[in-house]
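Pasting a predicted model and its sequence here:
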Amino acid sequence: MRENFATALETVADVRADRTVVTHGDRSLTWRQLDERASRLAAFLAGHGIGAQARVAIALYNGVEYLESVFAVLKLRAIPVNVNYRYQPEEMRHLFDDAQVAAVIFDASLGARVARAGAGTRALPTLVQVGDAPAAPVSSYEQVVGLPDPRWGQRVTAVVAPAGDREPTADALVAHVAARLAAYKKPRAVVFVPAVRRSPSGKADLRWARAVAEAAAGSGSAGAQHSGV
């Protein structure tokens, strides 16, 4: 089968982009927002080596982040592994080892248990925490899923290092991407940099890119960004 469940959800998001898909408490997301946030979480996980058939543990309560996390994992053709919030560290450790999880997305209230469980696993997985400010090496969920945007809640931002002596414009880059992706997936802002910082393995440094995007958004640098929707 060439398509998976994530593809079906993405198709619905294309058609019903501005329709509300989930409401939890006083918070609601449209299909567009859900897909964009899940895509950024998927990109973060992919940047940490998570791909098809990898297991990602999800230790979250019912809420928006749970849906986003499952959607993100499915986008990678990876396997979501549910973690009961009642599990104690030893039970979590057994699950992490038995499933050989490559990442854990967890609620901050479960952080102490996840940390104790992770300390006894064969290999420390990638950790993403929902709520509160985590300490290294744990990543913050909201920092992972994207920049805040007054209209969409999050905004896709491209950090670009032009090749050679090329001098592309932000509008030209957005037009190029728009011809290949759904309109809501194109960048809402473009930030040009001399070079993209990379990890020792050659992968783009997503935390660095986010910091660059935030700095550009805060300064409102003329000519550095394309902000058209």
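Good, I have the coordinates.

Now the residue nearest in space to the middle of the chain. Nearest residue, chain neighbours left out?
Computing the C-alpha centroid of the chain and ranking residues by C-alpha atoms, centre = their mean puts residue 41 first, at 1.4 Å. The shortest distance from residue 41 to any non-neighbouring residue, by C-beta to C-beta, 6 or more residues apart in numbering, is to residue 72 (3.8 Å). Quick note: C-beta positions are derived from backbone N, CA and C, even for glycine.

can you check residue 32 too?
Residue 32's closest residue in space is residue 17 (C-beta to C-beta, 6+ apart), at 4.2 Å.

pLDDT weak spots in this protein?
The model of the chain has pLDDT under 70 over residues 1-3, 133, 136, 146-155, 181-185, 218-229.

run the last query once more with 90
Applying pLDDT under 90 to the chain flags the ranges 1-8, 10-11, 13-14, 17, 26-27, 36-37, 39-40, 42-49, 118-125, 131-229.

Mind giving me the packing neighbours of the top helix by length along the chain?
Counting by DSSP state H, the longest helix found in the chain is helix 31-47. With contacts taken as 3 or more C-beta pairs under 8 Å, 6 or more residues apart in numbering; DSSP states H and E, helix 31-47 sits against helix 5-15, strand 20-24, helix 64-75, strand 126-130, helix 141-145, strand 153-155, helix 206-219.

Please dump the ones you listed into JSON lines; it should also carry mean neighbour count for every row.
Shown next, in JSON lines, are those (neighbours: other C-beta atoms under 10 Å):
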{"stretch": "helix 5-15", "mean neighbour count": "15"}
{"stretch": "strand 20-24", "mean neighbour count": "14"}
{"stretch": "helix 64-75", "mean neighbour count": "23"}
{"stretch": "strand 126-130", "mean neighbour count": "23"}
{"stretch": "helix 141-145", "mean neighbour count": "20"}
{"stretch": "strand 153-155", "mean neighbour count": "19"}
{"stretch": "helix 206-219", "mean neighbour count": "16"}
